[in-house]
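Q: sequence and predicted structure, then a few things I'm wondering about:
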Amino acid sequence: MKILWTALIASWLVIGGLVYLFFIKGSVVEASDGRTAIVLTEGERDFVLAEMRGFLVAVHQVIEGLDEKDMKKVAVGATAAGKAATANMPGSLPRKLPLGFKRMGHPTHAAFDDLALEASDIGDPKVVLNKLSSLMNNCIACHNTYRLQVERK
């Protein structure tokens, strides 16, 4: 019975360690500028950077739409950066991203979807602008905390 309990505890520790390594810690190192560097392949890094550029394009389209009083343009721009933008994510990427990065990234995509819904349904420019401002706080926090680094071969 004692051997069974020892094996069970050892299994839990191994599983817990693997969960920590693959879903919480990610593939990270301390960066020279004090941020956390997420170590990715070149292709993974390109994907994340393309997503970030997509965020900028969406923000620009939202601002243009607000300026033109065109809520359809706001909704289209915001939708492009919503959860659907993660559809082609490389399968290797989620285990390399630290939990803190995921806790900023997923809500950012969801916030774009929420902003699109607001623009489509009610269309109150002040509410949309307020949501955009909150959303941008995620971008600022992420860029202050993380940077991307291509793994050395």
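A: Okay, I see it. Since the structure is predicted, the reported quantities are computational estimates derived from the model, not experimental observations. Numbers count the residues shown, from 1 in each chain.
Q: now do the contacts for Met71.
A: If you count contacts by Cβ atoms under 8 Å, 6 or more residues apart in numbering, Met71 has them with 65, 119-120, 123, 125, 128. All C-beta atoms are positioned from the backbone trio N, CA, C, and that covers glycine.
Q: by residue count, which helix of the protein is the longest?
A: helix 42-67 (DSSP state H).
Q: just checking, next helix/strand downstream of the worst-scoring helix or strand of the chain on mean pLDDT?
A: Lowest by mean pLDDT, DSSP states H and E among the helices and strands of the chain is helix 2-19, with a mean of 60. Reading on from helix 2-19 to the C-terminus, the next helix or strand found by DSSP states H and E is strand 28-30.
Q: list the buried residues in that next one.
A: Neighbour-count burial for strand 28-30, with 16 or more other Cβ atoms under 10 Å as criterion, is recorded at Val28.
Q: show me what that strand pairs with in its sheet, parallel or antiparallel.
A: The strands beside strand 28-30 in its sheet (DSSP bridges) come out as strand 36-40 (antiparallel).
Q: averaged pLDDT, the longest helix of the chain. What do you get?
A: Confidence for helix 42-67, expressed as mean pLDDT, is 96.
Q: just the angle for that helix relative to strand 36-40, thanks.
A: Put simply, helix 42-67 runs at 120 degrees to strand 36-40, going by axes from the mean of the first three to the mean of the last three Cα atoms, to 10 degrees.
Q: between the helix or strand that comes right after helix 42-67 and helix 42-67, how many degrees?
A: Under the assignment DSSP H and E, the closest C-terminal helix or strand after helix 42-67 is helix 71-80. For helix 71-80 and helix 42-67, the angle between their directions (the same axes, to 10 degrees) works out to 160 degrees.
Q: average pLDDT for helix 71-80?
A: Mean predicted lDDT for helix 71-80 stands at 96.
Q: how about stretch 136-149 as CSV, C-alpha atoms only?
A: Only the C-alpha atoms of stretch 136-149 are listed here, as CSV (Å, rounded to 0.1, in the frame of the first residue of the first chain):
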residue,chain,number,x,y,z
MET,A,136,-4.9,49.3,-25.3
ASN,A,137,-3.9,48.9,-21.7
ASN,A,138,-3.4,45.2,-22.4
CYS,A,139,-1.1,46.0,-25.3
ILE,A,140,0.9,48.4,-23.2
ALA,A,141,1.2,46.0,-20.3
CYS,A,142,2.3,43.2,-22.6
HIS,A,143,4.9,45.2,-24.4
ASN,A,144,6.2,46.4,-21.0
THR,A,145,6.5,42.8,-19.7
TYR,A,146,7.5,40.7,-22.7
ARG,A,147,9.6,40.6,-25.8
LEU,A,148,10.1,38.0,-28.4
GLN,A,149,13.4,36.3,-29.1
